[in-house]
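Asker: just need the structure, nothing else, for what follows:
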Amino acid sequence: MAPNLHWPDTMFTLDHGAGILFTCDAFGMHYCSELVYDEDLGAIEPHYRFYYDCLMRPNSRFVITALKRIAEKDFNIVATGHGPLLRYNVAELLNKYETWSKQALEKQLATVAVLYVSDYGFSDRLSQTLARGLTKTNTGVEMMDLNVVDIQDMIECVSRCAGVVIMAPPSSGPANKAITTIYAAVKPKQPVVIAESYGGDDEPVDTIRQRLVALGISLPIPPLRIKEIPNEATYQQFEEAGTDLGQLLSQKKSIEAKKAGMPMNVAKAIARISGGLYVVTAAKGSSNGAMVASWVSQASFKPLGITIAVAKDRAIESLMQVGDTFVLNCLEDGNYAPLMKHFLKRFPAGADRFEGVKWAPAASNGSPILIDCIAYLECKVVQRMETSDHWIAYSHVTDGNVSNTQARTASHHRKIGNYY
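Answerer: The predicted structure follows:
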């Protein structure tokens, strides 16, 4: 058994004769080409990592356990449930899982219990998406299936976690009975997020909310409601809700760690590196995002390329994977305050970032071009480099234009450079 990779009943099966390890979802990726095996490592690596971050990182502890169980087993091929079979880079790719999982556990600043219901509506998929948002903030996750959970284990888990997420169970059955126990287990100052499962017979989230409010429990985010079959915007809302909860629990510790990790003279010196002021905008299906950026630089002439540093806990990060497209909008010097103020404010999970802003879709990729900016570049992410707290997205410029030839791009100067 290899539980929680990515389902509670996940199993690994070893065919001793053929030397093939069948791993279900583990070590997979959402990638398809004409190649049966992992021959093109450069092409599959970004997809392998994104798949891990979305589905496996919330269960890092179980990844380590599974790797220990197969460490002494003899196999040459890993047959996954998604993507190419692993044959040429088995050791390297399995080692990446171990490295990423250990790093995730080492960086955890808090832990959240995510209580979901397997085989009910969209509870499992939405809970995984919300967990992905949590892990972007270095918040650990403990996934518990309310259909099969041991009540005492659940009580202990909820008690030791800094926050709790409750996916609405059906109105009857074992999962619903488990919920009644949670009311006695949560602590008054423990933040709780409630979400619908869209299963057709959800326990009303307002009923759960009223019970928790009566107990004095903190509800930092309004209940997540689903009015139609979940789409890209729904999943974006759940991921952003997870990120919001994770930041609430870990941001203070994160800033303190950054301040303590850099000598003050170095922090002041690095702040002298100036940059421009931009708004990065992206759209994919029914989801969209935006962020103010200053860590932007031209990186190549032919093909024309730029780099943008994107913090790992930014909502837009999920829309800037390899192959994704976006627009870099240049803010005008002396006239950037309204747009900058708008995009710096904290948006509720799933909110439309562009409400009240004049924009038009880019011709080639559909991402928003901000009308009040002086220039724009349409870009496509072709490579990502990971640092401790940012992704560096190297992107090719596919088109662009200047709307105000007399204006200059606004510049950004900091007093201190150990956090922002």
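
Asker: tally of neighbours for residue 286?
Answerer: By the measure other CB atoms under 10 Å, the count of residues near residue 286 is 11. Where C-beta positions appear, they are placed from N, C-alpha and C, glycine not excepted.

Asker: got a list of contacts for stretch 404-420?
Answerer: Residues external to stretch 404-420 that are found in contact with it (CB atoms under 8 Å, 6 or more residues apart in numbering): 255, 258-259, 261-262, 264, 267-271, 273-278, 294, 330-336, 374-375.

Asker: among the residues you listed, which are in helices?
Answerer: 255, 258, 259, 264, 267, 268, 269, 270 (DSSP state H).

Asker: which helix or strand contains the closest residue to the third one other than its chain neighbours?
Answerer: Put plainly, it is residue 259. Spatial nearest neighbour of residue 259, chain neighbours left out: residue 418 (5.5 Å); criterion: CB to CB, 6 or more residues apart in numbering. Using DSSP states H and E, residue 418 sits within no helix or strand.

Asker: where do the strands sit along the stretch 101-250 of the chain?
Answerer: Applying DSSP state E, counting those that start in this stretch to the stretch 101-250 of the chain gives strands spanning 110-116, 139-145, 163-167, 192-195.

Asker: could I get those strands in a markdown table, plus columns for distance to residue 126, mean pLDDT and mean neighbour count?
Answerer: Shown next, in a markdown table, are those (distance: least, CB to CB, whole Å; pLDDT from 0 to 100; neighbours: other CB atoms under 10 Å):
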| stretch | distance to residue 126 | mean pLDDT | mean neighbour count |
| --- | --- | --- | --- |
| strand 110-116 | 8 | 95 | 24 |
| strand 139-145 | 12 | 93 | 24 |
| strand 163-167 | 7 | 97 | 26 |
| strand 192-195 | 7 | 97 | 26 |
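
Asker: contact partners for residue 142?
Answerer: Residue 142 makes contacts with 111, 112, 113, 114, 157, 161, as judged by CB under 8 Å, 6+ apart.

Asker: what's across from the residue nearest to residue 281 when sequence neighbours are not counted in the sheet?
Answerer: The shortest distance from residue 281 to any non-neighbouring residue, by CB to CB, 6+ apart, is to residue 368 (4.2 Å). Beta-bridge pairing for residue 368 (DSSP bridges): residue 361.

Asker: can you give me the neighbour number for residue 368?
Answerer: Residue 368 has 24 neighbours, counted by other CB under 10 Å.

Asker: I figured it hits residue 327, correct?
Answerer: Yes - if you go by CB atoms under 8 Å, residue 368 and residue 327 touch, sitting 6.5 Å apart.

Asker: now for these two: what residues contact both?
Answerer: The overlap between the contact sets of residue 368 and residue 327 (CB under 8 Å, 6+ apart) consists of 281, 362.

Asker: select, out of the strands of the stretch 101-250 of the chain, the one closest to residue 47.
Answerer: Nearest to residue 47 among the strands of the stretch 101-250 of the chain is strand 139-145; the distance by CB to CB comes to 21.9 Å.

Asker: and that closest one with strand 110-116, angle?
Answerer: Counting by axes from the mean of the first three to the mean of the last three CA atoms, to 10 degrees, strand 139-145 lies at 20 degrees to strand 110-116.

Asker: let the chain start at 871 from now.
Answerer: From this message on, residue numbering opens at 871, which makes the last subject strand 1009-1015.

Asker: residues in contact with residue 1253?
Answerer: Neighbours of residue 1253 in contact, by CB under 8 Å, 6+ apart: 916, 1192, 1263, 1264.

Asker: by pLDDT, give me the weakest of those.
Answerer: Comparing pLDDT over these, the lowest score belongs to residue 916 (92).

Asker: that residue: neighbour count?
Answerer: Neighbours of residue 916 (other CB under 10 Å): 18.

Asker: in three-state terms, label it for me.
Answerer: helix (DSSP: H, G, I helix; E, B strand; the rest coil).

Asker: residue ranges in this protein under the pLDDT threshold?
Answerer: Across the chain, the ranges flagged by pLDDT under 70 are 871, 874, 877-878.

Asker: now the helices for it?
Answerer: 911-921, 930-940, 960-977, 993-1005, 1021-1030, 1044-1055, 1075-1084, 1102-1130, 1134-1140, 1207-1214.
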